[in-house]
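Novice: Just a sequence and a predicted model for now, questions to come.
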Amino acid sequence: MNKLDYRIHCFYTNEISHFKNLSSLPYMILTSEYAITCSSDYQMGILYQDSEILQALWNLFHSHQDLCQPVSQTFPIVADDLPSLFQFVANTRASADVSIFIQPEACILPFLRRDLLEEIFNYNIPGADAVISMADTLFIDNMQRIKDEKFIIYFTEYGITRFLQDGLFEEIPSTFYHPLTVKQRIRILHEIAQCCQNGIYRILKKPLNHLSENLRMALCGNTCSLTYQTNAGEHICFAITEPFILQIFQDFLTNMDPDVYYTPEESVAIINLMIRNLENK
């Protein structure tokens, strides 16, 4: 959140076994000027400042890191590098039988047909024409996956209400497009209602209807990506690739209890009420 460069690596072993031997100071914290080795309860440790000892500990750290695997990759979503984002999405989709999303608002992107995309797009961003072409290809693929029932979208009633109020959706930075008009929002709602009827789009009940407004999760094949906004207003994609952590999210999202989301009929009724409220404005 504060733009620190975290690079998480991990390895697998029998963690308990390390605390059955004489490994009294198993934890180490390194900086450019200091090092601390400490006990597992952080109650006892040794501080090092000698440059030769520091170098030896850094060498030890790098040798351990070489045996580990990265947990994730992180990259910003910026206007001058949208092709990289589109390529990332395409690569993760390629290995996915089903793509599952959970986020506050409904996924709007699949319904941005070419005519609507051209109406709302901000042509001032770099390479606008090429970006539109790539976005159109991605959104067409989204709709095909919906038709093939390869998409499942979990979202909240509160989240879509925010979209209806201002015509903005949080999946991509607002610098890329202009807010949708009321007529355009109604058009999107009709599309969402149809997807709710088919069971592709699912509105969450309590307690999962209280999702963080700043977090969107997408599970596609062998990648689980989370997008969020930093304190500085930048949009970041955090992609988890480590297989065991990924398995946890897969188990959770693919085995969602039906009691935590509304039935198709209930979801359609909720969306239709939103349509009527917009039409009466």
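Specialist: Looks like it arrived, so ask away. Numbering: from 1, shown residues only.
Novice: show me what contacts the nearest residue to His64 once chain neighbours are set aside?
Specialist: Closest residue to His64 apart from its sequence neighbours, by CB to CB, 6 or more residues apart in numbering: Phe11 at 8.0 Å. Every C-beta, even on glycine, is put in place using the N, C-alpha and C of the backbone. Applying CB atoms under 8 Å, 6 or more residues apart in numbering, we find Phe11 in contact with 64, 67-69.
Novice: Nearest to Ile200, out of those: which one, please.
Specialist: In terms of CB to CB, no member of the contacts of Phe11 lies closer to Ile200 than Gln69, at 34.1 Å.
Novice: ok, the residue nearest the centre of the chain to Phe75 distance?
Specialist: Taking CA atoms, centre = their mean as the criterion, Leu226 is the residue nearest the geometric centre of the chain, at 1.9 Å. Using CB to CB, to the nearest Å, one gets 12 Å for the distance from Leu226 to Phe75.
Novice: any common contacting residues for these two?
Specialist: Common neighbours of Leu226 and Phe75 (CB under 8 Å, 6+ apart) are 237, 239.
Novice: Isn't Gln184 up against Leu116?
Specialist: Yes: between Gln184 and Leu116 there is a contact at 6.4 Å, judged by CB atoms under 8 Å.
Novice: where in the protein is pLDDT low?
Specialist: 1-4, 14-23, 78-95 (pLDDT under 70).
Novice: Could I get the full set of strands for this structure?
Specialist: 9-10, 27-30, 35-38, 45-48, 69-70, 72-76, 99-102, 151-155, 201-203, 216-220, 223-229, 235-240 (DSSP state E).
Novice: which one of those has the most crowded surroundings?
Specialist: Of all the strands of the chain, strand 201-203 carries the top mean neighbour count, a mean of 25, counting by mean count of other CB atoms under 10 Å.
Novice: can you pull up the bridge partners for the residue nearest to the centre of the chain?
Specialist: Following DSSP bridges, Leu226 is listed with bridge partners Met217, Phe238.
Novice: ok, it - contacts?
Specialist: Here Leu226 is in contact with 215-218, 237-240 (criterion: CB under 8 Å, 6+ apart).
Novice: and what of Asn209?
Specialist: Asn209 neighbours (CB under 8 Å, 6+ apart): 156-158, 203.
Novice: Quick check: it vs Ile248, distance?
Specialist: Distance from Asn209 to Ile248, by CB to CB: 22 Å.
Novice: Same question for Tyr12.
Specialist: Distance of Tyr12 to Ile248, given as CB to CB: 14 Å.
Novice: what do you get for Ser63?
Specialist: 29 Å.
Novice: cool, Arg276 as well?
Specialist: From Arg276 to Ile248 the distance is 41 Å (CB to CB).
Novice: before we move on, what about Phe238?
Specialist: The value you get for Phe238 to Ile248, if CB to CB is used, is 15 Å.
Novice: Could you count how many residues lie near the closest residue to Asn277 other than its chain neighbours?
Specialist: Leaving aside its chain neighbours, Asn277 sits nearest to Leu164 (8.0 Å; criterion: CB to CB, 6+ apart). Applying other CB atoms under 10 Å, we find 19 residues neighbouring Leu164.
Novice: same check, this time on the one 3 residues further on
Specialist: Here the number of neighbours of Gly167 (other CB under 10 Å) works out to 17.
Novice: That one contacts Leu180, correct?
Specialist: Yes: taking CB under 8 Å as the definition, Gly167 is a contact partner of Leu180 at 3.8 Å.
Novice: wait, which of the strands of the chain is closest to Ile120?
Specialist: Using CB to CB, the strands of the chain put strand 235-240 closest to Ile120, at 17.5 Å.
Novice: what's that closest one in contact with?
Specialist: In contact with strand 235-240 (CB under 8 Å, 6+ apart) are residues 71-78, 85, 88, 92, 172-173, 223-230, 246, 249.
Novice: what's the distance between it and the middle of its chain?
Specialist: Centroid separation for strand 235-240 versus its chain: 6 Å, with CA atoms, centre = their mean, to the nearest Å.
Novice: mind listing what's buried in the longest helix along the chain?
Specialist: Using DSSP state H to define each element, the chain has its longest helix at helix 128-147. Buried residues in helix 128-147, defined by neighbour count with 16 or more other CB atoms under 10 Å: 131, 134-135, 138-139, 142-143, 145-146.
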